[in-house]
Structures are given as C-alpha cells and as structure tokens.
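**Q** Next comes the sequence, and after it the predicted model I'd like to discuss.
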2 protein chains.
Amino acid sequence: MTVGSVLITGGTGYIGSFTALALLEADYKVVIADNLLNSSEETINRIELICGKRPEFFQIDVKKEEDFDKIFKAHPDIDNVIHFAALKAVGESSEIPLEYYRTNVYGTICLLSSMTRHNVSNIVFSSSATVYGDATRFENMIPIPEICPIGPTNPYGRTKSTVEACITDHVEAQRNNLKKEGKSGDHWNAAILRYFNPAGSHPSGVMGEDPQGVPYNLLPLLAQVAIGKREKLLVFGDGRSAISHIGHPYGERMLTELTVDYASHDGTAIRDYIHILDLAKGHLVALNYLRDHQPGVRAWNLGTGKGSTVFHMIKAFSATVGKELPYQVVGRRAGDVLDLTANPKRANEELGWKAERTLEDACEDLWRWTKNNPQGYRQSPPKELLEQLKKDRESGKKWI
Amino acid sequence: MTVGSVLITGGTGYIGSFTALALLEADYKVVIADNLLNSSEETINRIELICGKRPEFFQIDVKKEEDFDKIFKAHPDIDNVIHFAALKAVGESSEIPLEYYRTNVYGTICLLSSMTRHNVSNIVFSSSATVYGDATRFENMIPIPEICPIGPTNPYGRTKSTVEACITDHVEAQRNNLKKEGKSGDHWNAAILRYFNPAGSHPSGVMGEDPQGVPYNLLPLLAQVAIGKREKLLVFGDGRSAISHIGHPYGERMLTELTVDYASHDGTAIRDYIHILDLAKGHLVALNYLRDHQPGVRAWNLGTGKGSTVFHMIKAFSATVGKELPYQVVGRRAGDVLDLTANPKRANEELGWKAERTLEDACEDLWRWTKNNPQGYRQSPPKELLEQLKKDRESGKKWI
C-alpha cells in the first residue's frame, strides 16, 4: 500500500535519485522524469537494486508542458511533485545564462501550469543556499537563517530565487482565487528547500554522484584526484586575481604564486556539507509536512549548521583515502562567497529533521562509491557489493 | 536616410506607440511587433497620420522565438530592439502570475535568443519603478535613485526585476565570451528604463492611451469618470481594510466609512506622473546613448522628480475638465506603496534628458484625446483635428 504518489523531476540526478529512494522506502509510489542530459537511466536500476522497487521513468523536456501533461494523464494518482530538474553549474550559468533561465524558470512555469490543469497542488522545490549570496554583508546572518534577505551573486542563483518567487506567487494566487470563489478544493502548498553542499554516497557503494564532464563541486573533484583521474585539486582562493577567471577555470591558464585570502581561519571558503542521505530524508519530511499541515509556501534550510573550510575538506578526505591529495591555489571564481553555513533551526523545530550523518560518513561513503565504481554508472558494481545488497534487501533493511 | 533600424515590441501599446513616433521623427526606421491583445492596429494609422511615416507591422507572439526570427530575417538591417511587450496590470498579476512570468520573462528569453542568433545586440528594456517596491523602507531613498535596492511587492514587479536580471546576465555573458575568444565584434548593450507613472496623450488629440476593459491607472480612470463612462473614482487608501481587496477592486463590494491614511500630507499615495512625450523622448536618447557609448548594462529612472498625491491629481484633472470629479475611498490594494517618486538625476546627467512637460500639459492633452475620441481607436478623430494635423505635417512640425 502506498501513502501517496509523487512525480520527481530530475529524478535520475544526484539528489533526485536519493530522494526517490527515501520516498520508496517510506512507501510512496514514485514516478521519475528526467531528460538524461546530465544523468544516467542506470540510476533507476540502482534504486531498484537497493530497495527492491522500480520507479516508472519518463524521458521528458521540462520546457514542454505537454510532456508533463502526459505523465499526469498516465498517473492520475500523482498528487505531489518534487522538482529537481534544472541546470546547476554555477560557472556555466555565467556563460550561457539564457539557457539557465529557460530551463530553470520556464521549465518551472511549464510544470506549474500542467500541475494546475491536473489538480496536483503540492510541490517541493529544490532551491539552494546560493539564493542568499554573501550573507556576511549583514550582521548576525552566519549561520544563515531563512529570514536572511536573498541576494544571489550568479545567474544560477538568480534562476533559483526567481523560481522561488514564481512558485510563491502561484501558490498565493491559487489560494486567493479559491477563497474568492468560496470553493473548498485542494489548497496549493510549496516547500522551498534551500540546501547547502550535498556530499557523500549511498553506504552500500552502488549509488552516488556521477557527474558528466568536469565536476563543479569540491568532493567529486577530490574523488577524481584520489583515483588518479585528475592530477590535483584547484583551490579557488586568491582574491587579487578574482576577476581572472571567467567561465570554468579547469583547462584555463594556471596562475602562480597565489595565496588563499578568504577571511576564514585558513584562508579558504567555508561551506556546510550535508550527507546526501540526510538531504533525501529532508525532502521526505518536507513533503509529509505539506500534506499534514497545508502551510501554503514555506522555506527551510537543509544543512548541518557546521561550516568546513576547503582545506579542512582536503584533510578529511585525504584521511579517508589514506594519502595526501595534492592541490594548487588559483584565483577566486566570480560569485563565490566566503561563508555558506546553514542555520537549520527551523527545519529542526518544524519538520523534526536534523542532519545525522557526519562529514566522515560522507567521506567514507564517497570513497566506497568512487573506488567501486570508477566509471560511475557506466560499469556494474563489484559482485561482493551486490551480494551484500541482496542480503540487506532480503532482511528488509531500510537505509534512509 | 535613416540613422538606424529598430524593432519595437509592444509597439502598438501606449508607451510603445509614442516611442515609435519619437524614433520616426528622429529618422530611425521602425518595425513594430505586437500581439494586439491589449491594443489596436489602428495605432499604426495614427502614427502615420502624425508623422507621415508608416512603421511595418508584425502580429507576433513573444513566446514564439520563431516569430522574432521571421522579423529579423525580413529586416536584416535591424540593429536595435526596444522591448515593451508585456502583461502590465498589477492587480491581475496577483491572480494569474504564471501568465505574467510566461509572457514577460519567457517572452524576453525568446527575444534575447533570437537577437543573439541574428547579431542584434542593443536592447532598451521597458522596466518600471515598481521594481523598487517600498523605497520608504530605507532612509534617504525618496526620491528614488537607481542605486536603491530593488524589492518589488507584486508579481508584475517581480517579472520586471527578473527580466532586468536576465538581460544583465545575458549582456555580461556575451561581452565576457567575446573577450575570452579575443574577438572584436559587436558588444551587447542594454538600457534598463525604470519609469514612473506615464500620463497624457498626443497634443494633436489623435493618439493616446486606449485601455481595453477596466483601466488600472489613475488618469485613464479619471478620464472615464469625466466623460461619464464611470460613475466615480475609487481611491485606494484605507489601510485598515488593506487585505479586503483581492484581485481587481472594480466590480467588487464597496466598503463604507473608509478614510485615506497613507503617510502623505493628504493621506493618499504619491506618484511621479511623467508626460508620455517626455517618456518617449527618454527611449530615444537612451537608445542613442547605447549606440554612442557602448556602456554594457545601465539603468536609468525616467520620472519628473516631483511627486503628486491622488487627491492632487483629482483636483488637477477636475480643473482641466471644469467640474468636480466624484470619488470614493476604498481599502488599499495589496502591493501599493506610499511613495514612488523618481530621482531623475542620472538620466539628466548622462543622457542629457529631463522631463519638460508639466502635469497640467498631461491633463490637458489627456482631456483633448478623451473628448475627441470617447471610443478610443474604435472611431475616427474629428475632421478639424485631422485638418490641423495635415497642416502640421506639411509644415514639417516635429512633436517630440
């Protein structure tokens, strides 16, 4: 018996696939939609491997409203959407911003229109801590609470804050229109989840982040250094050469004699790394909250509340791997800010949610995934992992 | 001989049509695109009547990129765009926000993509003072300078600020990409014009604002009261019943015993009314500035710098008409702010532009238009106006 049906857009991506897993384990029916531009359909197999249930998959383009219509027509029981589908590379967003506005903003307009036509009125939106921009411009806003004024510093972040506004305006309009017409009907509800830096992999070792091309995030880059796919990590930190990097810095001319000079204790930028399983759980509890409390629109930070510098992360992952991972300091990236650490109090209090896994868990899980799947989803996981997984599945083990 | 070629989207609308006139008088070639949803093709005839030149007209949908492609292919000489096409009713934007995001934001994405494909790289964007929201939340931000942080208070305003961001991101990306590739080529430039309250009509009496359905702005409403189309003006002012008005207040239940209680000297809200001919001229000088100075993205306020309350406007227009126009106070509209008065210093200094016509000019011109065209563009103007116009045309008179 299912407790509800959920469409997950971008459900073969990193966070999307783990959220699908969390929902399946909690007895939701899950339908996944993705364009597979930056992910693999193999994810669906891995989800089934882990939990024994297979989500139905639709290959769609979020910019085609009729693609959503097809899904809702085929699955009239769907009453919730978790919306991940988006372009997500900060650097690229400065090079081709129109494509970011088109996919992220217009894609959401298409989704919301189709949802409205099919009376689907609960949406969990995958936003980002990036919408806050540089919270150090205010006093007392680190760690960042949800009331911190938003002010994204790059096009990617601006598409996320625009989608937040668009969803908010739509939900309020739908609720007001309902009230005006004196109808009861379903109220629209939206959870806006602003997450910090997702990290780690599935503890089974068969599911993890599988970036196509050059990764944009610290841990996947470190993992590539660890297995020899990449010579060294570039640490973006020298403020004097901040403007020297336009676009994606990998592959560009290296700068020499640079230092890290962010205003942190070791000069590198501070982020809040949250284990992907905790993050997936956050989506589950937010969806449950929408269904139980009908709150209208509400934003929650999903983070640990603890910030880690880049140097700290290099040290932590090096310890897991058992060798010193090489790095080189280069100029800052445009739009990178000093500190993005969450104040997760609201999610703690209202959703009863809190990050339970440690940074060490994230490093160990990431390393297990990387070692066992050096080609990501393009190769089968080792037999011993599959055998263990079969045992876990048969014993009814739940991971999230 | 033309000095350049311009596509004006939304060119049959109120501000668009006057801007077309200003550009034609300044020897630009003008192509107009509009969907005629809230305007009339008759505008094209009036433009020709006044200046003797006829812009080519395309009926298009801004949400169809191929519609723009067709225009640029048919007119490869077009090297500038002035972008007005948008939904613009603040109240309606709270009822159907998705349509506002779709037309205003996605429409601009389509336009910018098509421009990029056809190497058209100058754009003047019709933004709005609405992007500032309530500037009284800051100290020393009335009259409002361009550096005032934006913070729109309604979906319409949020679509405008989103388009500002989208254009800014696109222009910067195009310029950076050009630099990275070491190419010379045309630099993208954008003028963001934030205007305050456009008012008045053409002094000839044959061209003016012709709203379809119930107008959303003060002066057109007053004009309808003056010619008996509407019994009285509703003054939105009672803060205690601010939340009682959802959607468009005309046609809804009236509230009784209400007072105006905005923090102005007479309790009504303050706006900066700028004559439509001055506003049209502002577009011309901004376009010239883009072409001469290649500034990248720059925002300018177009306003007079003088605020007028609603009661002052009722008095001024009553004086022009020669009778007291009746009004009734009702609750506030959601999203209306106390004061939107421009600081136009930047446009004065950089563009050499300043509003030259008075509030009385605006009232007189509006009244001449209204008296002579009670059915707007759905009837021919009186013969004596047409004869005078013929003489003006033959004498080579320029109006803007």
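**A** Arrived safely. Computed from a prediction, not measured in an experiment: that's the story for all the values here.

**Q** Next, count neighbours for whichever residue of the stretch 301-400 of chain A sits closest to chain B.
**A** When scored by CB to the nearest CB, the stretch 301-400 of chain A has A:Ala334 as its residue closest to chain B, at 9.2 Å. (Each C-beta comes from the backbone N, C-alpha and C, glycine too.) Residues near A:Ala334, counting by other CB atoms under 10 Å in any protein chain shown, number 19.

**Q** near chain B, which residues of chain A show up?
**A** Within chain A, the positions lying close to chain B (CB under 8 Å from any CB of the partner chain) are A:93-98, A:101-102, A:105-106, A:109, A:112-113, A:116, A:155, A:158, A:162, A:165-166, A:169-170, A:172-173, A:176-177, A:179-180, A:246-247.

**Q** quick one: low-confidence parts of chain A?
**A** For chain A, applying pLDDT under 70 flags the ranges A:184-185, A:241-257.

**Q** ok, and the closest non-adjacent residue to A:Arg117?
**A** Computed as CB to CB, 6 or more residues apart in numbering or on different chains, the closest residue to A:Arg117 that is not its neighbour in sequence is A:Asp69, at 7.1 Å.

**Q** how close does the one you found sit to chain B?
**A** For A:Asp69, the distance to chain B (CB to the nearest CB, to the nearest Å) stands at 15 Å.

**Q** Could you measure from that residue over to A:Leu302?
**A** 31 Å (CB to CB, to the nearest Å).

**Q** the more surrounded of those two?
**A** A count of neighbours by other CB under 10 Å puts A:Leu302 above the other of A:Asp69 and A:Leu302, at 28 against 15.

**Q** Residues in a beta bridge with the more buried one, which ones?
**A** A:Tyr195 (DSSP bridges).

**Q** So it sits against A:Asn197, correct?
**A** No: if you go by CB atoms under 8 Å, A:Leu302 and A:Asn197 don't touch, sitting 10.6 Å apart.

**Q** Any idea which residue of the stretch 1-150 of chain A lies closest to chain B?
**A** A:Pro97 (3.7 Å).

**Q** Now for that residue: which residues touch it?
**A** Counting by CB atoms under 8 Å, 6 or more residues apart in numbering or on different chains, A:Pro97 makes contact with A:Pro155, B:Cys166, B:Asp169, B:His170, B:Ala173.

**Q** how does it look with 10 Å?
**A** The neighbours of A:Pro97, taking CB atoms under 10 Å, 6 or more residues apart in numbering or on different chains as the test, are A:87, A:154-156, A:158-159, B:109, B:112, B:165-174.

**Q** Can you list phi and psi of it for me?
**A** Dihedral angles of A:Pro97 (phi, psi; degrees, to the nearest 10) stand at phi -60, psi -40.

**Q** can you pull the buried residues of the lengthiest helix in chain A?
**A** In chain A, assigned by DSSP state H, the helix with the most residues is helix A:155-180. Neighbour counts over helix A:155-180 (16 or more other CB atoms under 10 Å in any protein chain shown) mark A:155-175, A:177-178 as buried.

**Q** Which parts of chain A are strands?
**A** Ranges of strands in chain A, per DSSP state E, are A:5-9, A:29-34, A:56-59, A:80-83, A:122-128, A:189-195, A:197-199, A:233-238, A:270-271, A:273-275, A:297-302, A:308-309, A:327-331, A:339-340.

**Q** Which elements pack onto the first one?
**A** If I follow you right, that is strand A:5-9. Identification of packing neighbours for strand A:5-9 by 3 or more CB pairs under 10 Å, 6 or more residues apart in numbering or on different chains; DSSP states H and E yields helix A:14-25, strand A:29-34, strand A:56-59, helix A:65-74, strand A:80-83, helix A:107-117, strand A:122-128, helix A:276-293.

**Q** Which strands and helices lie in contact with the fourth one?
**A** Just to be clear, that refers to helix A:65-74. strand A:5-9, strand A:29-34, strand A:56-59, strand A:80-83, helix A:107-117.

**Q** The second one pairs with which strands, parallel or anti?
**A** The one in question is strand A:29-34. Per DSSP bridges, strand A:29-34 is paired in its sheet with strand A:5-9 (parallel), strand A:56-59 (parallel).

**Q** okay, the ones you listed, which one's buried deepest?
**A** Ranked by average neighbour count under the criterion mean count of other CB atoms under 10 Å in any protein chain shown, those are headed by strand A:5-9 at a mean of 26.

**Q** Helix A:107-117 and that strand, what's the angle between them?
**A** If you take axes from the mean of the first three to the mean of the last three CA atoms, to 10 degrees, strand A:5-9 sits at 160 degrees to helix A:107-117.

**Q** Any idea how far strand A:5-9 is from the middle of the chain?
**A** 16 Å (CA atoms, centre = their mean, to the nearest Å).

**Q** now the angle from that strand to helix A:276-293?
**A** Using the same axes, to 10 degrees: strand A:5-9 against helix A:276-293 is 130 degrees.

**Q** Alpha carbons of strand A:5-9, in PDB - could you do that?
**A** Output in PDB follows, covering the C-alpha atoms of strand A:5-9 (Å, rounded to 0.1, in the frame of the first residue of the first chain):
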ATOM      1  CA  SER A   5       2.200   9.300  -5.400                       C
ATOM      2  CA  VAL A   6       5.000  11.600  -6.300                       C
ATOM      3  CA  LEU A   7       6.500  12.800  -9.500                       C
ATOM      4  CA  ILE A   8      10.200  13.500  -9.100                       C
ATOM      5  CA  THR A   9      11.600  15.700 -11.900                       C
END
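
**Q** Tell me what angle that strand forms with helix A:14-25.
**A** Going by the same axes, to 10 degrees, strand A:5-9 makes 170 degrees with helix A:14-25.

**Q** How many neighbouring residues does A:Ala263 have?
**A** 11.

**Q** quick one: it and A:Asp339 touch, right?
**A** Yes: applying CB atoms under 10 Å as the test, A:Ala263 and A:Asp339 come out as touching, 8.5 Å apart.

**Q** OK, contacts around A:Asp186?
**A** So A:Asp186 contacts A:Asp79, A:Asn119, A:Val120, A:Ser121, A:Asn122, A:Gln174, A:Leu178, A:Gln294 (CB under 10 Å, 6+ apart).

**Q** go on, A:Gly267?
**A** Contacts of A:Gly267 by CB under 10 Å, 6+ apart are A:Val235, A:Gly237, A:Asp238, A:Gly239, A:Thr259, A:Val260, A:Asp261, A:Thr309, A:Val310, A:Phe311, A:Val329.

**Q** hmm, try it at 8 Å
**A** Taking CB under 8 Å, 6+ apart, one finds A:Gly237, A:Thr259, A:Val260, A:Asp261, A:Phe311 in contact with A:Gly267.

**Q** And for A:Phe84?
**A** Per CB under 8 Å, 6+ apart, neighbours of A:Phe84: A:Ile8, A:Thr9, A:Gly10, A:Gly11, A:Gly13, A:Ile15, A:Gly16, A:Thr19, A:Ser126.
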